[in-house]
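1. Sequence and predicted structure are below.
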Amino acid sequence: MQGVTRKITQAILYEVIAVACVAPALALAFDEGMAHSTVLSVIMSGMALGWNMLYNYLFEFWEARQARRSRTFVRRLLHAIGFEGGLVLILLPVVAWWLDISLWAALGTNLALFVFFFVYAFVFQWGFDRVFGVPESAHERGVQACTSAK
């Protein structure tokens, strides 16, 4: 799977699983109802989805221009750090406002989410690549992608 279909599938699957994990955790941590926490999770997910699409476009644009294009451990680590670090900053004011907490408390919340999502992003992307194959940007130059006709 390549192109826009890959990007949309990857982003939607990532966010659906994320909402299912984050909503109950927020409800428990902030003594909020599931409805309140789920709405926040969906808002954060929507913002993360937009960031995901932009970040992956930019990452793959950069990756396609590298001399070595394979997805190494270090490259996957950099991908996860960049994505989650950017998301922490983007979501900071939203979390503070929605939960009616200070920016410092929201930063603590976002950093806790960062720890979870750092591992989740790394594992999810590795699993997604195993199931759907790596994108063209990660194929070594001169090597064609293996596709099977079914």
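-> Okay, I see it. Source: prediction; values computed, not measured.

2. Please count neighbours and contacts with C-alpha atoms only from this point.
-> Noted.

3. State the number of residues packed around residue 117.
-> Residue 117 is flanked by 21 other residues according to other CA atoms under 10 Å.

4. And residue 97, by the same measure?
-> 12.

5. name the element it belongs to?
-> With secondary structure defined by DSSP states H and E, residue 97 is part of helix 73-99.

6. ditto for residue 122
-> Assessed by DSSP H and E, residue 122 sits inside helix 103-132.

7. Could you give the average pLDDT over that helix?
-> The average pLDDT within helix 103-132 is 87.

8. Go through that helix and flag the buried ones.
-> Neighbour counts over helix 103-132 (16 or more other CA atoms under 10 Å) mark 103, 106-107, 109-111, 113-114, 117-118, 120-122, 124-126, 128 as buried.

9. contacting residues for the closest residue in space to residue 111 that isn't next to it in sequence?
-> In space, not counting the residues next to it along the chain, residue 111 is nearest to residue 88; the distance is 7.0 Å by CA to CA, 6 or more residues apart in numbering. Residue 88 sits next to 107, 110, 111, 114 when contact means CA atoms under 8 Å, 6 or more residues apart in numbering.
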